[in-house]
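Peer 1: Turn this into a model:
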Amino acid sequence: TTLEGPTIMANEANSGNGGGIYTNGTLVFSTNVSTIGGTGKTSSINKAINGAGIYMAGGAVTFNVAPIIHYNTATGNGGGLALVNGTLNVPVATTIDNNTAANGGGLAMTGGTLSVTTTDSFSLSTNTANANGGGLYYTDGNIPNNANASIFLSKNTAIKGGGIYCQIATAGNKTINNITKVDHNKTSASTKGYCGAGIYYKGYSDDDTTTFSSAILIDSNTGPSCGGGIFVEANPLKFENTVNITRNKTAAITTATQDTSGGAGVYVYRNASLYFTGGDVTIDGNNTSGHGGGIYNLGGTITCTGGDMTISNDTTRRSTTVYLYYGKGGGIYDTLNGTITIGAEGNARNLTISNNLSETGGGLQLAGNATVRCWGNMLIYGDTVAAYGGGVFSTGGTIDTKGTFTIDSCGAKLYGGGLCNFSN
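Peer 2: Predicted structure coming up:
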């Protein structure tokens with residue numbers, strides 16, 4: 001079937017799927033621009049349980065002319081589009097925007113193949129999930145690597161995973177290709193535990209790894225609790241290219257939740273693993289009113305072997321006037337037996353922690369027998385605190401550096417401009 005510019009709006013699949021379109025065959029959008037969805041008025045939107053705009057049960061859908069998919073509402077998965085089986089081909093620049101669902105405001109992918117070949121972008125923008133995955137809700141399926149293709153997730157909103165919510169449903173390693181920018185997304189709830197404004201990840205098992213293969217920018221995402229840029233709840237997540245995590249923000253909900261809130265750039269939860277294996281990692285300009293402006297490692301494992309890591313200009317600042325309302329670990333807060341490793345034996349990689357700001361541990365704070373191990377050189381420079389440990393503050397942990405270890409030009413208002421040790 002070929003569609004040449006229809007408008008499909010104000011339709012409803014009352015107890016099923018595909019408010020606008022349900023397809024299990026071959027469907028081509030061609031010649032003229034088609035509109036799937038309404039005008040923003042409630043009376044004009046398409047509605048369904050799953051796939052309010054388009055529900056793909058199988059076959060192939062091809063966007064030779066990009067359709068307008070907006071203002072569709074699903075009570076289940078996939079406000080704009082639900083990809084369950086079959087192949088969605090995107091050879092031209094396409095935007096799916098202003099859709100709403102419980103999961104996957106823009107796109108819910110629980111199977112099938114998303115093949116993006118446009119050299120412009122496939123954009124999921126300004127969509128809303130009332131639960132998980134404002135832009136993309138991913139549990140399974142194939143996103144093959146196509147040279148020069150890009151998938152953008154911008155200005156989406158959810159309770160968990162404002163940009164992307166990734167909870168793997170089946171065993172086996174997964175690779176997600178061509179996602180190159182996750183920016184200005186947010187998590188919206190005002191309760192502790194609403195995490196991953198940019199990316200929220202929960203794997204299937206410790207034996208199964210999900211890999212993001214493309215160079216990626218994770219920028220200016222905002223949430224009320226944990227992991228402004230990335231939140232890793234469980235199991236291994238890997239990035240195998242250059243990663244830039246910049247200008248993300250999180251807030252501690254109350255003073256009672258501050259100890260487990262934070263990680264404006266990256267938050268790794270207990271026993272979860274995060275690997276950077278393919279290039280330099282930059283974590284810069286992130287801010288939280290909890291702990292860990294750049295990284296909060298709460299008993300997880302973070303490993304960077306593909307390049308050097310730079311953590312700079314991150315803050316744990318809650319107030320511009322009262323210094324006691326800063327948090328811990330401007331650059332890194334590593335606790336509860338957490339382990340951060342930069343490089344490996346025979347693979348010297350460097351760690352630079354510079355110009356970060358907090359109440360304690362301006363560059364790095366260690367607690368609960370945590371470990372930071374660097375197989376190259378480690379430089380802590382220009383970090384500042386309002387209380388203890390301008391460069392490093394430790395109440396229990398290990399710093400193991402195989403190359404040089406330098407703390408330079410750091411400052412504290414109280415004790416330990418360079419290093420303050422309160423551990424036994």
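Peer 1: In the stretch 201-350 of the chain, where is pLDDT below threshold?
Peer 2: 252-259, 318-326 (pLDDT under 70).
Peer 1: same thing but at 50, please
Peer 2: 256, 322-325 (pLDDT under 50).
Peer 1: By residue count, what's the longest strand in this structure?
Peer 2: Ranked by residue count and defined by DSSP state E, the top strand of the chain is strand 107-116.
Peer 1: what helices or strands is the helix or strand following that strand leaning on?
Peer 2: Sequence-wise, the next helix or strand downstream of strand 107-116 (DSSP states H and E) is strand 122-125. Identification of packing neighbours for strand 122-125 by 3 or more C-beta pairs under 8 Å, 6 or more residues apart in numbering; DSSP states H and E yields strand 94-97, strand 151-154. For every residue, glycine as well, the C-beta is placed using N, CA and C.
Peer 1: Pick the most buried one from these.
Peer 2: Most buried of the helices and strands packed on strand 122-125 by mean neighbour count (mean count of other C-beta atoms under 10 Å) is strand 151-154; its value is a mean of 24.
Peer 1: Pull out the CA atoms of it and give them to me as CSV.
Peer 2: Once non-C-alpha atoms are left out, strand 151-154 reads as follows in CSV (Å, rounded to 0.1, in the frame of the first residue of the first chain):
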residue,chain,number,x,y,z
ILE,A,151,19.0,9.7,15.9
PHE,A,152,18.3,12.7,18.1
LEU,A,153,16.2,12.7,21.3
SER,A,154,15.4,16.2,22.4
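Peer 1: Give me the sheet partners of that strand and which way each runs.
Peer 2: Applying DSSP bridges, strand 151-154 is found paired with strand 122-125 (parallel), strand 179-183 (parallel).
Peer 1: what comes into contact with that strand?
Peer 2: By C-beta atoms under 8 Å, 6 or more residues apart in numbering, the residues outside strand 151-154 that reach it are 106, 116, 121-126, 135-136, 143, 163-164, 178-185.
Peer 1: what helix or strand is residue 267 on?
Peer 2: Applying DSSP H and E, one finds residue 267 within strand 266-268.
Peer 1: cool, and residue 352?
Peer 2: Going by DSSP H and E, residue 352 is in strand 351-354.
Peer 1: Give me the packing partners of the very next helix or strand once past the strand holding residue 267, helices and strands only.
Peer 2: Downstream of strand 266-268, the first helix or strand assigned by DSSP H and E is strand 273-276. Secondary-structure packing of strand 273-276 (3+ C-beta pairs under 8 Å, 6+ apart): strand 230-234, strand 236-239, strand 301-304.
Peer 1: got a list of contacts for the last one?
Peer 2: Under the contact criterion C-beta under 8 Å, 6+ apart, strand 301-304 has outside partners 266, 268, 272-277, 281, 295, 338-343, 349, 351.
Peer 1: Grab the nearest non-local neighbour of residue 411.
Peer 2: residue 390 (4.6 Å; C-beta to C-beta, 6 or more residues apart in numbering).
Peer 1: next one: residue 242
Peer 2: Closest to residue 242 by C-beta to C-beta, 6+ apart is residue 279, at 3.5 Å.
Peer 1: how near is the closest residue in space to residue 382 that isn't next to it in sequence to residue 409?
Peer 2: The shortest distance from residue 382 to any non-neighbouring residue, by C-beta to C-beta, 6+ apart, is to residue 355 (4.5 Å). Look at residue 355 and residue 409: by C-beta to C-beta, to the nearest Å, they are 9 Å apart.
Peer 1: Neighbour count for those two, which is higher?
Peer 2: Using other C-beta atoms under 10 Å, the more surrounded residue of residue 355 and residue 409 is residue 355, with 21 against 16.
Peer 1: Was I right to think the more buried one contacts residue 380?
Peer 2: No - using C-beta atoms under 8 Å as the test, residue 355 is too far from residue 380 to be in contact (10.3 Å).
Peer 1: just to revisit the earlier point, quick one: the longest strand of the chain to strand 179-183, angle?
Peer 2: 140 degrees (axes from the mean of the first three to the mean of the last three C-alpha atoms, to 10 degrees).
Peer 1: which residues sit in contact with residue 354?
Peer 2: So residue 354 contacts 310-313, 331, 363, 379-383 (C-beta under 8 Å, 6+ apart).
Peer 1: could those be laid out in a markdown table, adding neighbour count, distance to residue 63 and secondary structure?
Peer 2: Output for these, formatted as a markdown table (neighbours: other C-beta atoms under 10 Å; distance: C-beta to C-beta, whole Å; DSSP: H, G, I helix; E, B strand; the rest coil):
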| residue | neighbour count | distance to residue 63 | secondary structure |
| --- | --- | --- | --- |
| 310 | 20 | 39 | strand |
| 311 | 29 | 40 | strand |
| 312 | 22 | 41 | strand |
| 313 | 21 | 40 | coil |
| 331 | 35 | 43 | coil |
| 363 | 36 | 48 | coil |
| 379 | 20 | 48 | strand |
| 380 | 28 | 50 | strand |
| 381 | 17 | 49 | strand |
| 382 | 20 | 49 | coil |
| 383 | 32 | 49 | coil |
